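K.L.:
A predicted structure for the sequence below; I have some questions about it.
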Amino acid sequence: MPLWNAYRDDVVFSFRKQKELAEKAMSQVADEIFFRKPGEHSNSIAIIVKHVAGNLLSRWTDFLTTDGDKPTRDRDAEFVIGPGDTRARLLAAWEAAWSQLFRAIESLQEGDALATVTIRGEAHSVLQAIHRSLSHTSYHVGQIVYLARLLKTDGWQWITIAPGQSKQHQAGYLKSNA
């Protein structure tokens, strides 16, 4: 497999894992928790979902040909929950944004890797823009998982290795690889 294809597949895998982590965490919380801000200067899961959806859609629409921060994007509005921002609508926007990201990345060819794209007028190679987006998205996925775990006080199902279970987990994969 050519190096570019391996890299692109790995990036897609990494983004899919981040999406999966966030969705596993969100699936465990009721609407009351989904929309709850844990403090005055904090964001709710809903706000983070709205922001990530807005960011990904802007960054990955016409990725190679237009600035990643589209003039139609209202970033400030991403941090405000309005009356029309139901969980279903926010998750539909989330899904549409992720679909756009995957379409855009999967369409990239090896010759695109060092092409220049802009984000807020700043030049990036395609590789830099991919890493910028992955690190930004991972940061917010971590927030979603943390908030879900913090605010759901009972019945949390661990989506990573549960505390105190590392040795059991390791024994399981060592046994299966023997």
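P.N.:
The structure has been received and is ready for your questions. All figures in this text were calculated on a predicted structure; none of them were measured in a lab.

K.L.:
Helix or strand: which one has the residue nearest the centre of the chain?
P.N.:
Centroid-nearest residue in the chain: residue 137, 4.0 Å away (criterion: CA atoms, centre = their mean). Using DSSP states H and E, residue 137 falls within helix 126-151.

K.L.:
helices and strands around that helix, which ones?
P.N.:
Here helix 126-151 touches helix 3-26, helix 45-60, strand 116-119, going by 3 or more CB pairs under 8 Å, 6 or more residues apart in numbering; DSSP states H and E. All C-beta atoms are positioned from the backbone trio N, CA, C, and that covers glycine.

K.L.:
please redo it, this time with the cut-off set to 10 Å
P.N.:
helix 3-26, helix 31-34, helix 45-60, helix 87-107, strand 116-119, strand 122-125 (3 or more CB pairs under 10 Å, 6 or more residues apart in numbering; DSSP states H and E).

K.L.:
Which residues outside stretch 135-149 are in contact with it?
P.N.:
Residues from elsewhere that reach stretch 135-149, judged by CB atoms under 10 Å, 6 or more residues apart in numbering: 14-15, 17-29, 33-34, 36-38, 42-49, 51-52, 55-56, 59, 97-98, 101, 156, 158-160.

K.L.:
meant to ask about stretch 155-174
P.N.:
20-25, 27-29, 145, 148-150.

K.L.:
Next, the buried residues of it.
P.N.:
Neighbour counts using 16 or more other CB atoms under 10 Å place residue 159 of stretch 155-174 among the buried residues.

K.L.:
Touching, residue 4 and residue 130? I think so.
P.N.:
No. In this structure residue 4 lies outside contact range of residue 130 using CB atoms under 10 Å: 11.9 Å.

K.L.:
higher neighbour count, these two?
P.N.:
In terms of neighbours (other CB atoms under 10 Å), residue 130 is the more surrounded of residue 4 and residue 130; the figures are 25 against 14.

K.L.:
In contact with that one, which residues are there?
P.N.:
Contacts for residue 130 (CB under 10 Å, 6+ apart) come out as 7-8, 11, 14-15, 59-60, 63, 101, 104-105, 108, 113, 117, 124.

K.L.:
In the protein, where is pLDDT below threshold?
P.N.:
Scanning the chain for pLDDT under 70 picks out 1, 178.

K.L.:
how about 80 then?
P.N.:
Applying pLDDT under 80 to the chain picks out residues 1, 172-178.

K.L.:
Distance check, residue 90 against residue 105.
P.N.:
The gap separating residue 90 from residue 105 is 23 Å, by CB to CB, to the nearest Å.

K.L.:
Between the two, which is the more surrounded one?
P.N.:
Neighbour count, other CB under 10 Å: between residue 90 and residue 105, residue 90 has more, with 23 against 19.
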